[in-house]
Each structure stands twice: as structure tokens, then as C-alpha cells.
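Participant: have a look; sequence and predicted model below, questions after that.
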Amino acid sequence: MSVVDAYINVHNLSFSRGEHVIYKDISLIIPRGKITAVMGPSGTGKTTLLRLIAAQLTPDQGSILVDGKNVHELSRSDLYKVREKMGMLFQSGALFSDMTVEENVSFPLEEHTKLNREEIHRIASEKLHSVGLRGAAKLMPAELSGGMARRVALARAIALDPDLVMYDEPFTGQDPISKGVLVKLIRQLNDSAKITSVLVSHDVEESLSIADHVCILAGGRVIAEGSTEDIRASNNPQVKQFLNGEPDGPVPFHYPETESSEKVAI
Amino acid sequence: MITDLGGWLLDWLEAVGRAGIFLAQSIFRFPVRLNESINLLVKQLYSVGVLSLVIVVVSGTFIGMVLALQGYSILAKFGSEEAVGQLLALSLLRELAPVVTALLFAGRAGSSLTAEIGLMKATEQLSSFEMMGVDPLRRVIAPRFIAGVICLPLLSIIFSATGIIGGLVVSVGWLGVHDGAFWSLMQQSVYFDTDIMNGFIKAVCFAIAVTWIAVYQGYECVPTSEGIGKATTRTVVLGSLAILALDFVLTAAMFGDF
């Protein structure tokens, strides 16, 4: 794949929290207009990668280019402008608890557009309709189930018709029907609006069923990257262990012990 | 030992510097759109100020009543029980109203601000604002800070008024102090610039300190239930200590000219 196709280009990225190294010199690309699944075991730093892409965190080394712009070198106002073109579905939904469902979806429109109330209401209703929740417009977030809250958050994430939508563990804690609805919605949104999607998840089947491009992280490195077919056909033992959910293999079950943790009596 | 002390001092200075930058950024970024700013401010004035009214009115009334009882029993020994109005007004306006209102404010509104902002952080609502290109300092912190600074001095005035009414009920209605003497001695001894204004300035200083501590603790807390609990406790403890320390400094500056 040529570099020209990349919407996001992660180049030689290193990031650590204290002494714990999350990424060691990783490079990967997120192709434009496709769904990219970033997968890996829990604690690999998948959500951290999204926060680095959104420049909520700063890398120790390396760069992240989003649509050709190094997000970590932008001024605060320029960064906020870039973020207007990004939507993010947080793991918890992160709906504003003091606003109704409709107010949550209208919020980015009120902040970043000069549309009048009627138009904002119409767009918010459309977005809610697209996630099947127009009837829940007047409810408060506390009255929603987990699946509904995530769908509302999705409607809010796409309110400004972004170029990029990032999904942080969208399937976690969802019942099979909600998972199916979310899978269908993510695919539909990507195809109809031609947006670039980054899906962070460890739900193998759901992610592989909709992804065009897959990137698997483990141990602070990219262990596999390619199309869904390439990943399924991979002979890499780490990839096979992860995809098949095998308890034994090269990916360790135990968190690595440090000098300080060894001192703790078991 | 000296290294530890130096390290602690540097950490403290860094924290104060960070809190100062945080406050400056919150205030200067606030007034983006007038309509939006007014709406956000009115909402916070209600939750920070109006909802604190009951505790302030009830406390003010009881403190005024107790002050009248205590003052009467001492003043009566010297045959000057009519001066109870003067005692009430001066102690409330100069000292008790700003200090006690600020302590009550730290316990009710301050802790609630910290917990609310901390929970917004824990549920990723603050991150969500950032991701939408909306500055959480402007949207969340600034209106809460400004509302706190507006409300506390007003609550302090209400505290003084209810305290004087409580004292009036006890001293005139119950203990039989002459109402004309009660009011006229108060009128003679209370000065607008030295008593009322100094009390008001104290209340404004306490408001800035307490609200600043509350919003900063919420914004910087560890986003877990334990972290929010600790931040809330820190708001009340640090807020109360700051009020008492500031009160000494301000009193010395205002009334220390012996």
C-alpha cells in the first residue's frame, strides 16, 4: 500500500508511562476511507494509541500525521480545528450527564456551526434516526441502557460529519443484538459517508467481520498489519494465539514483574 | 532531610504555579459567546449559590441568636445590654459572616464542585469536550469559578442580615432589650468603609481561594472513586485552612493598625 493512501501515519512512535513502556518505536498506517481494526490483548495500549492520535497525549519520540498534519506540533487552536474533523466514541459513551440525548447530539453543532435552532434540531434528529434512537431524544443519559448510550454517543460523534471516527472498544459489555447493531452501523456509516474509521477492540470476530485493514499490537510492538485475509492466514504464533484465544503461547498471561513488585510478599 | 524539604518545597511551588496557570486560562478563555456564557453562568449561580441559601440562612440565624444570648449575659454585668446590637453587627460584618459563610460554602458547594468535575473526568466527559474541539476550562471550569466568586460575598451579606435578625429576636423579643437602643447603637458604631466593605473584601478573597481550590482539585483528581473521594476531602480541608489563614492576614492588614 502506498503512503499516499494513508489518512493517519504513525512513524517511529515511542511512548511510556513512568517506567512502563507502552510503545517501542512503532510505525503503522490507517488507510483513508477504510475501517482499520487495531487489536491486541488488554493493556497493550490500544486506547492510548487513540489518545495519541487525538493529541490528548504527547509521544516521547516519533510523529503522528493526521491528514498530513503533525498533530503534536499544532497550536491549541489549530489542534481544536483538526479535532472538529474527528469523532470519537468513548468506551463509556461519555455523554454529558446534564443534557438530554438530543442536546448531547446537538452540542457539537451548536459549538462549531452557525446553524439556527431548527436546522440543528433537524440534523440531530437525523443523526439519532440513523442510530435508531430518534424516539429517545428527550431522555436523559441516566435513563439509557449501555447499548443505547453508546449509540447516542455514536450519533454525537458523527454530528459534524467528521473525516475520521475512532471507536474505543465499542463492543465491550454489549449483548449480542447490540453488538450486531453496532457492527452494522459502523459499516454503514463508513460506506455512506466515506469516512476513515479506527476501531480499537479485542473482540476478534466482530472486528474482523467489518475491518478492511487490521493492525495487531502486543508487547509494545506491531506484530502484524495487513488486510483481514492476510491476518487470518498469518502463521505468526502471537497472531494465532490472539485470534484463537489460546491460553498458552508467546503472549504472556502474567504482567511482567519489576524490581519493586518482586519485593511484595505473595 | 534538607534535600527532602527542598524537594517538597519545589513540588509545592510547582503545584501552585500549575494551579495559577489553570486559573488564568480558565478565566481568560471564558467569554466566547455572550449568550452561551450567560446560560452557563446562570445554571452555576443556581447550583452553587441558590442551593447554598438554606444552610447559610439557618446557620446565620442560629449564630446571631447564640451571639445575642452570649453577648447579653456579659454586657448585662456592666449594665450595657443595649450594646448587644452593636456587638452583633460588628462581629457578624467584620468576622463571622465572611468566615463562617466561607467555611459552609467549602463544605457544601466546594465539595460538590470537586466531586462533579472529578466525576466528569472519570466518565470521560472532559476528554469528550476536548475531542470535540471544545476547551473544558472554558466550558466547565470558568462558569463554576465565576459563579463561586459572585455567590459567596452575596451569601455572606445574607448571613449577616439573618444573623442580625436572629439576634434581634432573642435580644429584643426575648430578653427585653429596647429596640430603639438596639438599632441606634448599631447605626452609630457601624461604618460602611471599615466594617461593611472590609467584610465584603474578605468574603471576595475567601470566595476566590475556596472556589479555586475546589475546581482545581476536581480537574486534577485521579479519576477513580478513591481519587474523587480524596480530592473532595482535600477541597474541604485545604479550603477551610486557606480561609482561616487568609482571615488572619486580612484582619491584620485591615484592623491591625493599633
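Facilitator: Cool, the structure landed.
Participant: what packs against whichever strand or helix holds B:Gly229?
Facilitator: Using DSSP states H and E, B:Gly229 falls within helix B:225-255. Judged by 3 or more Cβ pairs under 8 Å, 6 or more residues apart in numbering or on different chains; DSSP states H and E, the packing partners of helix B:225-255 are helix B:97-105, helix B:111-122, helix B:198-220. Every C-beta, even on glycine, is put in place using the N, C-alpha and C of the backbone.
Participant: with mean neighbour count, mean pLDDT and distance to A:Leu13 added, can I get those in JSON lines?
Facilitator: Converted to JSON lines, these look like this (neighbours: other Cβ atoms under 10 Å in any protein chain shown; pLDDT from 0 to 100; distance: least, Cβ to Cβ, whole Å):
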{"stretch": "helix B:97-105", "mean neighbour count": "26", "mean pLDDT": "96", "distance to A:Leu13": "46"}
{"stretch": "helix B:111-122", "mean neighbour count": "22", "mean pLDDT": "95", "distance to A:Leu13": "26"}
{"stretch": "helix B:198-220", "mean neighbour count": "24", "mean pLDDT": "95", "distance to A:Leu13": "27"}
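Participant: follow-up on the earlier one: next, the angle from the helix holding B:Gly229 to helix B:111-122.
Facilitator: Direction vectors for helix B:225-255 and helix B:111-122, defined by axes from the mean of the first three to the mean of the last three Cα atoms, to 10 degrees, enclose an angle of 140 degrees.
Participant: pull out the buried residues from helix B:225-255.
Facilitator: For helix B:225-255, a neighbour-count test (16 or more other Cβ atoms under 10 Å in any protein chain shown) marks B:228, B:230-232, B:234-236, B:238-240, B:242-243, B:246-247, B:250, B:254 as buried.
Participant: could you report the distance from A:Leu57 to chain B?
Facilitator: A:Leu57 sits 11 Å away from chain B when distances are taken as Cβ to the nearest Cβ, to the nearest Å.
Participant: all strands for chain A, in order.
Facilitator: In chain A, the segments counted as strands under DSSP state E are A:6-17, A:20-31, A:35-39, A:61-66, A:69-70, A:86-89, A:164-168, A:196-201, A:213-218, A:221-227.
Participant: which residues of the stretch 51-200 of chain A lie near chain B?
Facilitator: A:51, A:54, A:56, A:80-81, A:83-84, A:86-88, A:90-92, A:94-97, A:107-108, A:111-112 (Cβ under 8 Å from any Cβ of the partner chain).
Participant: of the residues you listed, just the buried ones, PyMOL syntax please.
Facilitator: What follows is the PyMOL syntax for the buried subset of these, where burial is set by 16+ other Cβ under 10 Å:
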select buried, chain A and resi 51+54+56+80+83+84+86+87+88+90+91+92+94+95+96+107+108+111+112
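Participant: count of residues packed around A:His72?
Facilitator: When neighbours are defined as other Cβ atoms under 10 Å in any protein chain shown, A:His72 has 16 of them.
Participant: try the one 5 residues further on
Facilitator: Neighbour count of A:Ser77, defined by other Cβ under 10 Å: 9.
Participant: over to B:Gln70?
Facilitator: The number of residues packed around B:Gln70, counting by other Cβ under 10 Å, is 12.
Participant: any idea how far B:Gly60 is from it?
Facilitator: Between B:Gln70 and B:Gly60 the distance, using Cβ to Cβ, to the nearest Å, works out to 16 Å.
Participant: what are the buried residues along stretch A:124-139?
Facilitator: Buried residues in stretch A:124-139, counted by 16+ other Cβ under 10 Å: A:Ala124, A:Ser125, A:Lys127, A:Leu128, A:Ser130, A:Val131, A:Leu133, A:Arg134, A:Ala136, A:Ala137.
Participant: so what's the second one up against?
Facilitator: With contacts defined as Cβ atoms under 8 Å, 6 or more residues apart in numbering or on different chains, A:Ser125 is in contact with A:Glu102, A:Arg134, A:Ala137.
Participant: take the helices and strands packed on helix B:225-255 and lay them out in TSV including distance to chain A.
Facilitator: As requested, those are exported to TSV (distance: least, Cβ to the nearest Cβ, whole Å):
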stretch	distance to chain A
helix B:97-105	21
helix B:111-122	8
helix B:198-220	15
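Participant: among those helices, which is nearest A:Asp67?
Facilitator: Proximity to A:Asp67 (Cβ to Cβ) singles out helix B:111-122 among the helices and strands packed on helix B:225-255, at 28.9 Å.
Participant: the next helix or strand after the closest one and chain A, are they touching?
Facilitator: Scanning forward in sequence from helix B:111-122, with DSSP H and E defining helices and strands, the next element found is helix B:125-131. Yes. Helix B:125-131 is in contact with chain A by Cβ under 8 Å from any Cβ, via B:Gln125, B:Ser127, B:Ser128, B:Glu130, B:Met131.
Participant: thinking the fourth one is in contact with A:Gln56, fair?
Facilitator: Yes. With contact defined as Cβ atoms under 8 Å, B:Glu130 and A:Gln56 form a contacting pair (6.2 Å).
Participant: ok so, going back, export the strands of chain A as a markdown table, with columns for mean pLDDT and distance to B:Leu40.
Facilitator: Formatted as a markdown table, the entries for the strands of chain A read as follows, by pLDDT from 0 to 100; distance: least, Cβ to Cβ, whole Å:
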| stretch | mean pLDDT | distance to B:Leu40 |
| --- | --- | --- |
| strand A:6-17 | 89 | 34 |
| strand A:20-31 | 88 | 36 |
| strand A:35-39 | 91 | 36 |
| strand A:61-66 | 91 | 30 |
| strand A:69-70 | 90 | 31 |
| strand A:86-89 | 88 | 23 |
| strand A:164-168 | 91 | 28 |
| strand A:196-201 | 90 | 32 |
| strand A:213-218 | 88 | 40 |
| strand A:221-227 | 87 | 44 |
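Participant: burial measure for A:Ala153, as a count.
Facilitator: Residues within reach of A:Ala153, counting by other Cβ under 10 Å, total 28.
Participant: then A:Ala193?
Facilitator: By the other Cβ under 10 Å criterion, the neighbourhood of A:Ala193 contains 15 residues.
Participant: now swap in B:Leu168 and tell me
Facilitator: For B:Leu168, the count of nearby residues is 22 (other Cβ under 10 Å).
Participant: and the closest residue to chain A within the stretch 151-258 of chain B, what are its phi and psi?
Facilitator: Nearest residue of the stretch 151-258 of chain B to chain A: B:Pro223, at 10.9 Å (Cβ to the nearest Cβ). Recorded main-chain torsions at B:Pro223 are phi -80, psi 60, according to degrees, to the nearest 10.
Participant: list the contacts of it.
Facilitator: Contacts for B:Pro223 were tallied using Cβ under 8 Å, 6+ apart; they are B:Gly118, B:Lys121, B:Ala122.
Participant: before we move on, what about B:Tyr216?
Facilitator: Taking Cβ under 8 Å, 6+ apart as the contact definition, B:Tyr216 lies against B:Ala19, B:Phe22, B:Leu23.
Participant: for the last one, give its distance to A:Ser75.
Facilitator: Remark: distance between B:Leu23 and A:Ser75 (Cβ to Cβ) = 22 Å.
Participant: and these two? Which one has more around it.
Facilitator: Neighbours per residue (other Cβ under 10 Å) separate B:Leu23 from A:Ser75, with B:Leu23 holding more: 19 against 8.
Participant: pretty sure that one sits against B:Phe145.
Facilitator: Yes. Counting by Cβ under 8 Å, B:Phe145 is a contact partner of B:Leu23 at 7.2 Å.
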